[in-house]
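Q: what shape does this take:
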Amino acid sequence: MPNIILFDDPALRIQLLPFTYTRPVAKIRCGIHTLSEKWADRLHTTVSFQTEAYLTDKFPLHFSGDNLFINGALCPDDHLTGIIKGLPNGAALISDRNEVLAVRTSSTWHPTDGSLGLSTVNYAEPFTMIRNVWDIFTFNGAQIKADYERIASVRKSVGISDPFTHCYNSENVFVEEGAVIKASILNAENGPIYIGKNALIQEGSMIQGPFAIGDNAVLAQGTKIRPNTTVGPSSKVGGEVSNCVIFGYSNKGHDGYLGNSVLGEWCNLGANTNNSNLKNDHSSVKLHSYASNALADTGLLFCGLMMGDYSKAGISTMFNTGTVVGVSVNVFGAGFQDKHVPSFSWGGTESRSEYRFDKALAVARDTVSRRGIDFTSKDEAIMRSVFDNTKSQRES
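A: Sure, this is the predicted structure:
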């Protein structure tokens, strides 16, 4: 088996900010698993990452005499995986859009090299690639189904023992060891429901599939989950959530609506935080683009909040349709927040200042340590790099 390296396409990485400020592209979660977890599972091996220099201490790159570089934004499927595994040495797999999907080489390679000096193999079959931040939630339902099918094909659910929980289409519900479900309604008629190890579904929760909840995550009492939603590991969620992806270790523990949105890791939404995901005139939603520093038309009728890692919202915060919040933001205050809140900002529409780095770092360290996880010098260095690299956004 060749050495697997998941690479960041430079153009896609920018389009996937703010989530790729703090992780390689392949560490994005879509479906039950992250993209890197999907590839590791399909290829039965470990993977490494070719990403930004400031991320490499935490996400290292390993070369060997036989390297298979795979575009980290790709969601694997059976056919694509087979083609990539069979790619000959010295060849590049190219899409109809002239995107490099994979490269196999006995030497080093960088995405800026493209297919230079390599033979090319064209791939004309359909495939799924996360090119924009809104793809994360729009593709999420299909990816839950794909991940679920792989899990259910090789392992058996422990089932639901609670007599007060009602399931529709129970054969499409997979429960891992240690999960607890109490007096809830699970409807898997229109898509599967996956419940991770030691997850807790508290009383009165109502879930419509496709839905996935990761290991050690919690749904609070009376939570309403609409289709195509993923709650990542160790997250706590309440209120009403529809077609959202929460990467992991984040809290939306209280009432309030979150729709067509993506939250990174270590985020917190205060009680009664709500977002709009539909414009009053039903026109397509525009979203801040880090590539152009302007609003980009998503072509979507529904699009909500994109929030980077370590960011928090005060109680009763209101986010407008198509809002982008960067990394380590503390946002609060009356009225709808700005459509783009730069990383390391403190405040709201009435007044905003730069979030002092030492304070932001202390809060991040405390947030992580509360979950019994070490906030390492590598994490601190990443935060410092993001702080320095986004300074011009806060000054504009």
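Q: torsion angles phi and psi at the closest residue to L200 other than its chain neighbours?
A: Among residues not flanking L200 along the chain, V218 sits closest, at 4.6 Å (CB to CB, 6 or more residues apart in numbering). Bear in mind the C-beta positions are built from the backbone N, C-alpha and C, glycine included. Note on V218: backbone dihedrals following degrees, to the nearest 10 are phi -130, psi 130.
Q: quick one: V218 and I195 touch, right?
A: No: counting by CB atoms under 8 Å, I195 is not a contact partner of V218; they are 11.4 Å apart.
Q: more crowded one of those two?
A: Each of V218 and I195 has its neighbours counted (other CB atoms under 10 Å); I195 has more, 29 against 21.
Q: any idea how far that one is from S157?
A: To S157, I195 is 9 Å away according to CB to CB, to the nearest Å.
Q: next, show the common contact partners of these two.
A: V173, F174, V175, E176 (CB atoms under 8 Å, 6 or more residues apart in numbering).
Q: so which of the residues you listed comes closest to G86?
A: Proximity of the shared contacts of I195 and S157 to G86 (CB to CB) peaks at F174, which lies at 31.0 Å.
Q: residues contacting the closest residue to the closest one other than its chain neighbours?
A: Of all residues not flanking F174 in the chain, S157 sits nearest, at 4.4 Å (CB to CB, 6+ apart). By CB under 8 Å, 6+ apart, the contact list for S157 reads V173, F174, V175, E176.
Q: highest neighbour count among those residues?
A: Ranked by neighbour count (other CB under 10 Å), those have V173 at the top, with 25 neighbours.
Q: bridging residues for that one?
A: Beta-bridge partners of V173, counted by DSSP bridges, are I193.
Q: wait, isn't it in contact with I193?
A: Yes: contact criterion CB under 8 Å: V173 and I193 qualify, at 4.7 Å.
Q: need the overlap of contacts for these two.
A: Common neighbours of V173 and I193 (CB under 8 Å, 6+ apart) are L186, G209.
Q: so the nearest residue to L35 once chain neighbours are set aside: helix, strand or coil?
A: Distances taken as CB to CB, 6+ apart put A26 closest to L35, at 4.4 Å, once the chain neighbours are dropped. Secondary structure, DSSP: H, G, I helix; E, B strand; the rest coil: A26 is helix.
Q: A26 contacts T34, doesn't it?
A: Yes: using CB under 8 Å, A26 makes contact with T34 at a distance of 6.9 Å.
Q: compare those two (neighbour count), which wins?
A: Between A26 and T34, counting by other CB under 10 Å, A26 is the more crowded of the two (29 against 19).
Q: tell me how far that one lies from M129.
A: Using CB to CB, one gets 12 Å for the distance from A26 to M129.
Q: what touches both of the two?
A: Common neighbours of A26 and M129 (CB under 8 Å, 6+ apart) are A73.
Q: report the contact partners of the residue nearest to L35.
A: Here A26 is in contact with L6, D8, T34, L35, S36, W39, V47, F49, G72, A73 (CB under 8 Å, 6+ apart).
Q: any idea how far stretch 162-179 is from the chain center?
A: Taking the mean of its C-alpha atoms, stretch 162-179 sits 25 Å from the chain's own mean (CA atoms, centre = their mean, to the nearest Å).
Q: go through that stretch and flag the buried ones.
A: T165, C167, N172, V173, F174, V175, E176, A179 (16 or more other CB atoms under 10 Å).
Q: what's opposite R29 in the beta bridge?
A: Bridge pairing for R29 - DSSP bridges - gives T34.
Q: where's S205 relative to N187, distance?
A: 11 Å.
Q: which of these two has more residues huddled nearby?
A: S205 (24 against 20).
Q: quick one, what contacts the more buried one?
A: S184, I185, L219, A220, Q221, G222, T223, K224, I225.
Q: okay, how far is it across stretch 365-382, tip to tip?
A: Terminal residues of stretch 365-382 lie 13 Å apart, using CA to CA, to the nearest Å.
Q: tell me the domain boundaries of the protein?
A: The chain breaks down into these domains under automatic domain parsing: 3-129, 133-234, 266-396.
Q: just the mean pLDDT for the shortest one, thanks.
A: Per-residue pLDDT values over domain 133-234 give a mean of 98.
Q: and it, how far out from the chain middle?
A: On the basis of CA atoms, centre = their mean, the separation between the geometric centre of domain 133-234 and that of its chain is 17 Å.
Q: ends of it, how far apart?
A: Start-to-end, domain 133-234 (CA to CA) is 22 Å.
Q: likewise the first one?
A: Across its full length, domain 3-129 reaches 22 Å end to end, with CA to CA as the criterion.
Q: looking at this structure, which helix is longest?
A: In the chain, taking DSSP state H as the definition, the longest helix is helix 140-154.
Q: please enumerate residues in contact with that one?
A: 30-33, 38, 41, 75, 77, 128, 174, 191-192, 194, 209-212, 227-230, 243, 245.
Q: from those residues, list just the buried residues.
A: Buried by 16+ other CB under 10 Å: 30-33, 38, 75, 128, 174, 191-192, 194, 209-212, 227-230, 243, 245, out of the contacts of helix 140-154.
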